[in-house]
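[1] Everything below, folded, please.
(one chain, ligands or ions: 1)
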Amino acid sequence: MALKKFKMNPLLHHFNTAPFAQIKESDYAPAIKTAIEDTKKEIDAIVLNSDTPTFENTTVALDFTGEKLDRITSVFFNLNSAETTDGIQKIAKDVSPLLSEFKNDIILNEALFQRVKVVYNTKESLKLTPEQSTLLEKQYKGFARNGANLKEADKSKLRKIDATLSKLSLQFGENVLAETNAFEMHITDEIELSGLPESVKEAASEIAKSKEKKGWVFTLDYPSYIPFMTYADNRELRKKLAISAGKKAFQDNEFNNETVVLEIVKLRHQRANLLGYQTHAHFVLEERMAETPEKVISFSNDLLEKAKPAAQKEFAELEAYAKSIDNIDQLQKWDGAYYAEKLKKERFNLDQELLKPYFKLENVIDGVFTISNTLYDLKFGEVFDIEKYHEDVKTYTVTDTNGAFIAIFYADFHPRPGKRNGAWMTSYKPQQVKNGINERPHISIVCNFTKPTETKPSLLTFNEVTTLFHEFGHALHGMLANTTYNSLSGTSVSWDFVELPSQILENWCYEKEALELFARHYETDEVIPMEYVTKIKESASFHEGMQTFRQLSFGLLDMNWHGGDSPEKITSVKEFENKAFENTKLYPDVAENCMSTAFSHIFQGGYSAGYYSYKWAEVLDADAFEYFLEKGIFNKEVATRFKENVLSKGGTEKPMELYKRFRGQEPKPDALLKRAGLL
Ligand SMILES: [Zn+2]
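    Model prediction:
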């Protein structure tokens, strides 16, 4: 019986493209469990090998373990995002702990580490290629950074810290969520909704209905909060909502996060010290392109200095504007988004509805295909014989201009129940060279663009156009991957480098030469008028000075929390935060508000000592695109350099080395400042 079951499970059979049509929900859990057991056996075989550890029999062998498990889990978790069901979600809850336990077992496998270490200690004499030495380094660090080199007593100390830290992050998130959910602003008089677009009112009335209330309800969830702050004319209500948002987990109640923050920061510091790092930031940045906290701080301060005049000018302008129309003397935090929106509208009057007819989805897809053909010699052919998980999904084979097979490309564009919000790129099969064969990847992008109707095709907003280019840029990183080891392939690069391929591609959306290829009116075939393009460009850099200031201030706050030598001495979260914000303040402080107690990116998610990455990535993409601008946005030589040194190289070498080989120099912030109109 068991044998029959095994035979019938398509996930446990060899497959090339994911066998979506044959998989039943009941196949996942047994397939994942079996694959975990098989991977354990593969690892045991490495550990029990009686030969002396070598690069091949240990480092490479370990990198090739778990292939089947990876393929099965990528199918499973991709579907959990793009086409989930209650059943899949339940399985995810069941298998996730098994998977993390399994990963932990590997990291804590002493005998395995000893073999890895033997190879690592002889690395100088092994004559490894740069990619091989990166693989060895990454593998060794994976153990060492989790305490494999520590004495027993310190190891158990580390485990204790880790256990406490994961509890604290969880608690941090729960507190923020509880505070978010505890608040609502109930409005019964429609006059108080003045300024809000119909759609925003409708959403608020839906929320009210769901709470069995009359009128309109606004909450601290972004889709409710942001439109209110942007459009509501009623200043008192904006103030009420903003202060309530700023108080999250900073009130005198059981959900207060002040102690949690101080405890997290202290424990992260202890953990870093235990592992031999000066601070948590040093620990994190060791594996990033920026490499050191000093570099992040000097990068941030440099950009801050350069953006300062623009930020201050924009702020003064906005304040004068608020004064002129509403006689506001002191611009407050709850005024910023509101007056900025009004000013922007006045200045650009850019109606999204006017632009949409120029961005029919099919035309935009053709555009991005043509651009990648011109730059990187890729050809996309739609195919209909590849299994897919939903009829909306489109499938393509990607070849180079000589007809050689490069990748399978899946594209899933429209929303439906069971798909999560947003847009992302993912893969079903990694690229790698195995037994001398270059196995090509299966890459997918998933978006939530407006669906076509019976009378109208799918017409994208400009924001959706840049989103498509963004995800397609990630997809190129995956498709053009050309490395030996799959753990270094494609998008397996450091966090502050991974957005370069995606963000750089967005730049083509603003260029006349590129827009002429695809931005044509879906009824008249007229190319988008240049005055629209100019407006798009100008409005894109609207208030970039203040925007830059804001992002940098969050990044510096993060570095302050995680890069200090003695976090145990910090007693007041608010005081510490105010000090960190000293150089980036534009609005008056609100005493009852605190950012850190709800800064989930760094205290709950994985962005600690990493928030700077957003701006860092922008500097990179602007600097890289500047090179294209200098030589022409379709210049083959520059494109080839980008392909050969960045897109195909994944994480095989240090990102700064790869970048310099493409660009001829380290990235400079000038191009970003120019693009953002800050020079
Ligand atoms: Zn991205």
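[2] Mind jotting down where the strands sit in the protein?
    With strands called from DSSP state E, the chain shows them at 185-187, 216-218, 378-383, 394-400, 405-412, 424-429, 432-434, 437-439, 442-446.
[3] Tabulate these (a markdown table), appending distance to Phe581.
    C-beta here means a position set from N, CA and C on the backbone, and glycine is covered the same way. What follows is the strands of the chain, written out as a markdown table (distance: least, CB to CB, whole Å):
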| stretch | distance to Phe581 |
| --- | --- |
| strand 185-187 | 27 |
| strand 216-218 | 27 |
| strand 378-383 | 46 |
| strand 394-400 | 47 |
| strand 405-412 | 41 |
| strand 424-429 | 32 |
| strand 432-434 | 46 |
| strand 437-439 | 50 |
| strand 442-446 | 37 |
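[4] Put together a markdown table for those strands, with distance to His282 and mean neighbour count on each row.
    Putting these into a markdown table (distance: least, CB to CB, whole Å; neighbours: other CB atoms under 10 Å) gives the following:
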| stretch | distance to His282 | mean neighbour count |
| --- | --- | --- |
| strand 185-187 | 43 | 18 |
| strand 216-218 | 43 | 24 |
| strand 378-383 | 40 | 16 |
| strand 394-400 | 41 | 18 |
| strand 405-412 | 38 | 22 |
| strand 424-429 | 31 | 20 |
| strand 432-434 | 32 | 16 |
| strand 437-439 | 37 | 13 |
| strand 442-446 | 34 | 25 |
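[5] so how far is Glu526 from Thr466?
    Separation of Thr466 from Glu526 (CB to CB, to the nearest Å): 21 Å.
[6] Pick out whichever of these two has more residues nearby.
    Higher neighbour count among Thr466 and Glu526: Thr466, with 20 against 12, using other CB atoms under 10 Å.
[7] Excluding sequence neighbours, find me the nearest residue to that one.
    With sequence-adjacent residues excluded and distances taken as CB to CB, 6 or more residues apart in numbering, Thr466 is closest to Glu506, at 4.7 Å.
[8] Surely that neighbour touches Glu471?
    No. Counting by CB atoms under 8 Å, Glu506 stays clear of Glu471, with 10.1 Å between them.
[9] what about these two, which has more around it?
    Glu471 (23 against 19).
[10] mind checking how far the residue lying closest to that one once chain neighbours are set aside is from Asp38?
    Computed as CB to CB, 6+ apart, the closest residue to Glu471 that is not its neighbour in sequence is Ile445, at 4.3 Å. Distance of Ile445 to Asp38, given as CB to CB: 30 Å.
[11] same thing with Glu294?
    45 Å.
[12] These two: who's more crowded?
    Regarding Glu294 and Asp38, a neighbour count based on other CB under 10 Å identifies Asp38 as having more, with 16 against 13.
[13] count of residues packed around the nearest residue to that one once chain neighbours are set aside?
    Nearest residue to Asp38 in three dimensions, chain neighbours excluded: Lys68, at 6.3 Å (CB to CB, 6+ apart). By other CB under 10 Å, 20 other residues sit near Lys68.
[14] Contact partners for Lys68?
    For Lys68, the contacting residues are Leu12, Ala35, Asp38, Thr39, by CB atoms under 8 Å, 6 or more residues apart in numbering.
[15] Now do the first one against Thr39, distance only.
    What it means is Leu12. From Leu12 to Thr39 the distance is 13 Å (CB to CB).
[16] how many other residues sit next to Leu459?
    When neighbours are counted by other CB under 10 Å, Leu459 comes out with 20.
[17] That one contacts Thr450, correct?
    Yes. Between Leu459 and Thr450 there is a contact at 6.7 Å, judged by CB under 8 Å.
[18] which residues does the residue nearest to Asn146 when sequence neighbours are not counted contact?
    Once flanking residues are discounted, Asn146 sits nearest to Ile107: 4.9 Å by CB to CB, 6+ apart. By CB under 8 Å, 6+ apart, the contact list for Ile107 reads Gly142, Phe143, Asn146, Ala148.
[19] Give me the contact list for stretch 230-241.
    Under CB under 8 Å, 6+ apart, the answer for stretch 230-241 is 185, 187, 192-197, 200, 218, 220, 225, 228-229, 326, 328, 332, 334-335, 337-338, 341.
[20] Buried residues in the longest helix out of those in the chain, which are they?
    If each helix of the chain is counted by residues according to DSSP state H, the longest one is helix 293-326. Under the neighbour-count criterion of 16 or more other CB atoms under 10 Å, helix 293-326 has 293, 295-297, 299-300, 303-304, 306-308, 310-311, 314-315, 318-319, 321-322 buried.
[21] Report the rounded mean pLDDT for that helix.
    Helix 293-326 shows a mean pLDDT of 96.
[22] Run the chain-centre distance for it.
    25 Å (CA atoms, centre = their mean, to the nearest Å).
[23] go on, stretch 251-265?
    Worked out by CA atoms, centre = their mean, stretch 251-265 lies 27 Å from the chain centre.
[24] who's in contact with it?
    164-165, 168-169, 171-172, 175-176, 178-179, 182, 249-250, 280, 561-562, 567, 570-571, 573, 594, 596-598, 603.
[25] What's the separation between Lys138 and Val60?
    For Lys138, the distance to Val60 (CB to CB) stands at 13 Å.
[26] picking that back up, turn the contacts of Lys68 into CSV, columns for pLDDT and distance to Val260.
    Output for the contacts of Lys68, formatted as CSV (pLDDT from 0 to 100; distance: CB to CB, whole Å):
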residue, pLDDT, distance to Val260
Leu12, 95, 44
Ala35, 98, 37
Asp38, 98, 40
Thr39, 98, 36
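[27] What subset of the contacts of stretch 251-265 is buried?
    165, 168-169, 171-172, 175-176, 179, 249-250, 280, 561-562, 567, 570, 573, 594, 596-598, 603.
[28] mind listing which of the residues you listed are in helices?
    Per DSSP H, the subset of those in helices is 165, 168-169, 171-172, 175-176, 179, 280, 561-562, 573, 603.
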